[in-house]
Structure formats: structure tokens, C-alpha cells
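In: Kindly generate the corresponding structure for this input.
(chains A and B)
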Amino acid sequence: MASRSGPTGTSDRSQPSVKQWLQDLPPHARDDILVQMQYQDEQDQAAVKLAFLEACERLAPGSRWLLKRAFRRSGSAS
Amino acid sequence: MTALTKNSPAMVRDFATRIELEKLAEIAALEPTTLDTLAHQETATSIRRLRFHLEARRFHRQQRALTLFGRSLRWLPVRWQARLAPRIGALLCARMLGAIHPYKAARIARRQTPAFLAECTRYVEPAAARPLLSQLPVELIQAGTLILAEQGEYRTLARLADAVSLPAIRALANSIKDDAALLNIAFHMDDMAQLNKIVLMLDNERIERIVHASVMNPSLWHKALWVVINLDDSLIARLANRVAERSIKDLEQLITITQQQQLWAPMLQLLSYVHPRHYRKILNLPSLHQQPVMQALVDTALDQDLAGELLGLMQYTSQTYQKLIATTILEQDVQVAEAALQAAYDSHHLDVILDMAQLLTDCQKDRLAQLDIASDRWFLERLMQTAYATGKLGALLDFARHMTPDGLNAVAELSLKDDGNLIEALLDEARKREDGWELLGDALAGVMETSLMAPIYDIYRRQPAEDRAALADALDQLASRTGFAAFFKGSLDARPDNSTD
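Out: Numbers count the residues shown, from 1 in each chain, chains lettered A, B, ... in the order given. Now for the predicted structure:
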């Protein structure tokens, strides 16, 4: 039988990190992936911000204060 | 099927890479040139690691803030926290899950609606969800799953399937009635051990329905192949045989899809697990005999290191099909034929090569037997051992008489090993066949190495007088046609006692 190389879901420590791996890619591919990462970060940031604002609207003052304080302490924009 | 569209940059030969590109394209809108670069420069493993990295990143954004918030709510009774959860929202709840003890999280989750839990599942990290899911009632997971399945959230469900217990999995599989949805979920799973356990739990009726769904829907076939070839051998065999038991019409449809999407590599792998009793039915399918299909099949087999699988199938096919495949191989570059012989050597299928060679025209036999590899001693030694072990010495003789003088000398030299054991066996074969002496004479006539004459002659004179006479007659006839025969006959005649024992 031919050898099969299915996904295992485990990480291989002998492999370079994804950041190192990206450095070795041709510039156009690396830049595209980095742009995608940034785009996803922004999308997620926006989704969390929206979720935060909606939660603030729904929560009682005490819980709202806790939520805002948590975001402030973590340095996240809210 | 973004990454599997024909002529797209991702139309790469390696199946695992194609699948990983398809999965990557689902979570990141990368440029076609980027996919093209990844397809041709990177392995499936690297692309999978990139996908894992992109997926993992989103579970950890704003983690610190939400962990702080989760911790600040710890003092609240579970009842209050359960009431707060829908107000906090699914996204924030999912992200702060890691900050809450699984036991407490489970008590909170039990008080939520399936719709809310389904929404949370979309955002939750599998590692954080695993301890929680193990404490939730199966019915609740089932209800949430159905909602996600209806929404087509297959990737989310695959993450869930990777993380939940087997009893829950059984309930999930039973509750999702849509076979295509189940296949899509399996396709997106990354924990193959878990996937194996899931498929093991499916009954034959369900398997049959899933196979049917993948036959009916061209966009599912590559997913079905991916799932199947990543299972354990016994399960692959079970599913491969289910596929093989489909009607001729369905199998024709699968061949068409396989050709359109160039899925011959996984298809060959799948076929190698099918029980031989199905081979004739499959290999006699008319669509499999079309030239482009055979071309693709041969190309894939040689390119993807699957020639062993192809040759393994060949021994069960009709001679007509064997001839077609052999001709397809020989019609290409010399390198292709060399690769085919090398693959036959590596996969121990040289007996199939001997069978197929006999079906060729003299011109094609010349081309095959005069390949460089066919004169290499290591190759010839295995070929001759195979011919001896499988009783195909006649085919070997036939092959040998088309070889170059160098190849023939090597054959003669190798035949003389072990005190001429093989050459004696060749003589036995010559006795049995109507054209045996002619074949042997023809082959011996090509031996130009004078140092080999003495040992050949010693064996020759050990033979009964009538056999020597028959061989001499064959050589006489050949002598009139070929210089080699004359040379060899002359060598034998020059021996002192060539007519007596």
C-alpha cells in the first residue's frame, strides 16, 4: 500500500514555527498571508467590540462596570 | 470546492496538498498566486500548520480581557451567571470559557437554550470546550448540533466532533440525518483517530447512504475519498468494498468525476483495498478504457508512487486492458517506461510486467526489453527470480530474446548462478512449449560473451541427446537469420564432444 500521510492534529517540534516558516515564503505569498491575518484580526476586533457594546447595553450597571473594567485593565480598546 | 476547480492554481497533483489548500481557502481569502505558491512550494503539513495557526489565533483574541471579566464574575452564584450569559453574548461567553471551572461552566451551560449554546460553539476553542462538553447531557449537545448542521456550520461541528466523547458522537451521528452534512463534517475533522472511531460506530446502512450521497454529488466525492483514505486499513477496506458494490452506472459516474477532478491518486489507493472479487467488474468499466482516463491513471500511478497499486490491479484485469495500459506506458517517453519497470521492481510486481510484455507486438517488446533498466543486473536478477518463482519462464525467454546483447549476456551470466539452476529450468520450460527451443535458441543466440560459452556448454552437454538435437536445430534455423545465432552455434560446434555425452 502507498504510504498515507493524513492529518494528525499534532504539532511537530522539529518543524520551524509558523512565523519562521512565513519568512521563508516568497514575498508576495508572505505579504498576502500577513494581510489576511491582519484583516482577520481587524474583523475579530470589530466583532468583539460589537459584542462588548451589545453586552454593555444588556447588562445591569454592576456587571457592565465589571466588563468595562476588565477590558480597561487588559488594555483593550472598548 | 474553491481549491479543486480544474485549472485553478491549486489543481496540484498531491491530493493531501489539494485538500489542505481547499481547507485553507475556506478560512482565508488568499490570492490565487499565493495558493499557487503554496501548492507548488509547500507540503500539505506546512499548509495545515498555517491553517491551525490562523484558526487558533482567533480563539485567543481579547482572551486577557475576557479572562479578567470571567474571573470577576466568579463570586456570583451559578443561577445568576446563567442568567447573565445570554446578556454577555455568545462570542464573549465562548472566549471567557477558559477562565471558568468546567464543572461550573457545565452547570451554567445546562441552563442555556440549544440555540445559544450552538452560537457559543462557533467561537469556542476546542481545547477549552472539551472538559465542558464531557459534562453536558447528550441531548443538549444533540440539540445544539442539529442547529449548527442546519446552518451548514461543518467546520464548527468538526471541531466539536474532535472534542466530544464517543457516546455523544454516536448521538450526534444519529441525529444528523443529512448524509452529505455528515460527510462534510468528517471531511473537516483533523483528529483522524477520533474520525476512525466515529466511522467504526456507523452501521452498514448509514455507510451505504453516505456512499450513495457522495456518488450522487460530484462536489462530495473528493471529500469522501479524503475521509476514507485517512482511516485505518480495515475501515478503508470496508468502505472501498461498499463503493465497489455500487451499480455499474454509479461506478461509471465515479470514474467520470475522478477523471474530471483528477482524483486518480486517492482512487488508486482506494481500489487497492477493494476485494479482488470486485476487480473485474471495476476494471472492465468502459469509461476506464478511454485513452485520456488510462493516460491519467498511468501518469498518476508513476508520479505519485502508486505504480505498485496499479500493477497490483493489472493482474486481475483482462489481457485487453493489460495491453492497453502497457501500450499507454510505452507510447510515452522512455523515462515513463523506465519508471514503470522501476516501480514494478520496487513493488514486487515484475510477474505482471512479464505477463503484460507477452501481449505486446515485437516492436513494443523490443522497446521494453531494450530499456537501460532492463539490462541492469539487479533488475534482471529479480526479474529472473520472479519468473522462476511464478512459473513464467516462457515469458522470461520471450522477453530475453528482445534484449540488447549486453542484457542477454547478463541474463546468461545470471542463469549460470547456482550451478546453472535457472538455465536448467529454462531448458525444462523449452521442453514444455511448442516454440520453446526456438525461444531458447533465440535468446542464447544473443549471448556474445565468450567466457560464458564454457559453462553454458557444460550444461548443454548434460541434457538428453534429443533435447540437444532440438536446440541445435533451433540454432541452425536461427543461424540462417542472425549472426548472433551463427556465433553461438559455432561456439557449440567448436566444442570437442558436442554430439556425445
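In: Quick check on residue B:333: phi, psi?
Out: In terms of degrees, to the nearest 10, the main-chain angles of residue B:333 are phi -60, psi 160.
In: Contact partners for the closest residue to chain A within the stretch 351-500 of chain B?
Out: Ranked by C-beta to the nearest C-beta, the top residue of the stretch 351-500 of chain B for proximity to chain A is residue B:352, at 16.5 Å. Glycine gets a C-beta too; all of them are placed from N, C-alpha and C. Applying C-beta atoms under 8 Å, 6 or more residues apart in numbering or on different chains to residue B:352 gives the contacts B:311-312, B:314-315, B:322, B:344.
In: so where's chain A shaky on pLDDT?
Out: Residues of chain A meeting the criterion pLDDT under 70: A:1-15, A:74-78.
In: swap the cut-off to 90 and go again
Out: Scanning chain A for pLDDT under 90 picks out A:1-25, A:37-38, A:40-78.
In: hey, where'd the helices end up in it?
Out: Using DSSP state H, the helices found in chain A span residues A:18-23, A:27-58, A:61-73.
In: Can you list the buried residues in the last one?
Out: By neighbour count, with 16 or more other C-beta atoms under 10 Å in any protein chain shown as the criterion, the buried positions of helix A:61-73 are A:63, A:66-68, A:70-71.
In: again with the shortest one
Out: Going by neighbour count (16+ other C-beta under 10 Å), the buried part of helix A:18-23 is A:18, A:21-22.
In: now, among those residues, which is nearest to residue B:140?
Out: Nearest to residue B:140 among these, counting by C-beta to C-beta, is residue A:18 at 35.6 Å.
In: right, and the closest one touches residue B:55 too?
Out: No. Contact criterion C-beta atoms under 8 Å: residue A:18 and residue B:55 do not qualify, at 11.6 Å.
In: Roughly how far does the residue of the stretch 351-500 of chain B closest to chain A sit from residue B:335?
Out: Going from residue B:352 to residue B:335 by C-beta to C-beta, to the nearest Å gives 20 Å.
In: if we can go back for a sec, can I get the contacts of residue B:352 in a markdown table including distance to residue B:141 and pLDDT?
Out: Converted to a markdown table, the contacts of residue B:352 look like this (distance: C-beta to C-beta, whole Å; pLDDT from 0 to 100):
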| residue | distance to residue B:141 | pLDDT |
| --- | --- | --- |
| B:311 | 48 | 86 |
| B:312 | 43 | 84 |
| B:314 | 49 | 85 |
| B:315 | 49 | 81 |
| B:322 | 53 | 87 |
| B:344 | 52 | 90 |
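In: ok now do residue B:410, which residues does it touch?
Out: Applying C-beta under 8 Å, 6+ apart, we find residue B:410 in contact with B:375-377, B:380.
In: Helix or strand: which one has it?
Out: Using DSSP states H and E, residue B:410 sits within helix B:405-415.
In: Quick one: name whatever helix or strand follows that helix.
Out: helix B:417-432.
In: hmm, who's touching that next one?
Out: Residues outside helix B:417-432 that contact it (C-beta under 8 Å, 6+ apart) are B:384, B:388, B:393-394, B:396-397, B:412, B:414-416, B:436-437, B:439-440, B:455-456, B:458-459, B:463, B:467, B:470-471.
In: Next: stretch B:152-164.
Out: A:9, B:26-27, B:118, B:121-122, B:126-127, B:129-130, B:133-134, B:141, B:145, B:148-149, B:169, B:172, B:181, B:184-191, B:194-195, B:198.
In: Please apply the same query to stretch B:118-136.
Out: B:56, B:59-60, B:90-91, B:93-95, B:97-98, B:102-103, B:105-106, B:109-110, B:112, B:141, B:144-145, B:147-148, B:151, B:153, B:156, B:159-160, B:162-165, B:168.
In: Whichever residue of the stretch 251-400 of chain B sits closest to chain A - how many residues pack around it?
Out: Across the stretch 251-400 of chain B, no residue is closer to chain A than residue B:306, which sits at 5.2 Å (C-beta to the nearest C-beta). For residue B:306, the tally of surrounding residues (other C-beta atoms under 10 Å in any protein chain shown) stands at 25.
In: OK, contacts around it?
Out: A:2, B:265, B:268-269, B:300.
In: Among those, name the ones in helices.
Out: Those of the contacts of residue B:306 lying in helices (DSSP H): B:265, B:268-269, B:300.
In: Which helix or strand contains residue B:460?
Out: Taking DSSP H and E as the criterion, residue B:460 maps to helix B:453-462.
In: buried set for that helix?
Out: B:453, B:455-457, B:459-460.
In: So which of the contacts of residue B:410 wins on neighbours?
Out: Greatest neighbour count in those, by other C-beta under 10 Å, goes to residue B:380: 23 neighbours.
In: Distance check, the closest residue to it other than its chain neighbours against residue B:417.
Out: Nearest residue to residue B:380 in three dimensions, chain neighbours excluded: residue B:410, at 5.3 Å (C-beta to C-beta, 6 or more residues apart in numbering or on different chains). According to C-beta to C-beta, residue B:410 and residue B:417 sit 11 Å apart.
In: One more: residue B:377?
Out: 11 Å.
In: out of the contacts of stretch B:152-164, which are buried?
Out: Listed as buried from the contacts of stretch B:152-164 are B:118, B:121-122, B:126, B:129-130, B:133, B:141, B:145, B:148-149, B:169, B:172, B:181, B:184-191, B:194-195, B:198; burial here means 16+ other C-beta under 10 Å.
In: circling back: show me the contacts of stretch B:152-164 that map onto helices.
Out: Those of these lying in helices (DSSP H): B:26-27, B:118, B:121-122, B:126-127, B:129-130, B:133, B:141, B:145, B:148-149, B:169, B:172, B:181, B:184-188, B:194-195, B:198.
In: Grab the most central residue of chain A for me.
Out: Closest residue to the average C-alpha location of chain A: residue A:41 at 5.6 Å, with C-alpha atoms, centre = their mean.
In: which among the contacts of residue B:352 end up buried?
Out: B:311-312, B:314, B:322, B:344.
In: Would you convert those residues into TSV that also reports distance to chain A and secondary structure?
Out: Listed next are those as TSV, based on distance: C-beta to the nearest C-beta, whole Å; DSSP: H, G, I helix; E, B strand; the rest coil:
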residue	distance to chain A	secondary structure
B:311	12	helix
B:312	9	helix
B:314	16	helix
B:322	21	helix
B:344	15	helix
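In: can you list those in CSV and add distance to residue B:48?
Out: Shown next, in CSV, are those (distance: C-beta to C-beta, whole Å):
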residue, distance to residue B:48
B:311, 31
B:312, 29
B:314, 34
B:322, 39
B:344, 33
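In: Looking at these, spot the one nearest residue B:290.
Out: Nearest to residue B:290, judged by C-beta to C-beta, of the buried ones among the contacts of residue B:352 is residue B:322 at 16.3 Å.
In: Tell me the pLDDT of the closest residue to the closest one other than its chain neighbours.
Out: Nearest residue to residue B:322, sequence neighbours excluded (C-beta to C-beta, 6+ apart): residue B:356, at 4.8 Å. Model confidence at residue B:356, given as pLDDT, is 91.
In: hang on, residue B:356 packs against residue B:327?
Out: No. Counting by C-beta under 8 Å, residue B:356 sits too far from residue B:327 to count as a contact (9.5 Å).
In: Neighbour count: those two, which is higher?
Out: Between residue B:356 and residue B:327, counted using other C-beta under 10 Å, residue B:356 has the larger neighbour count: 27 against 16.
In: list the contacts for the more buried one?
Out: B:314, B:322-323, B:325-326.
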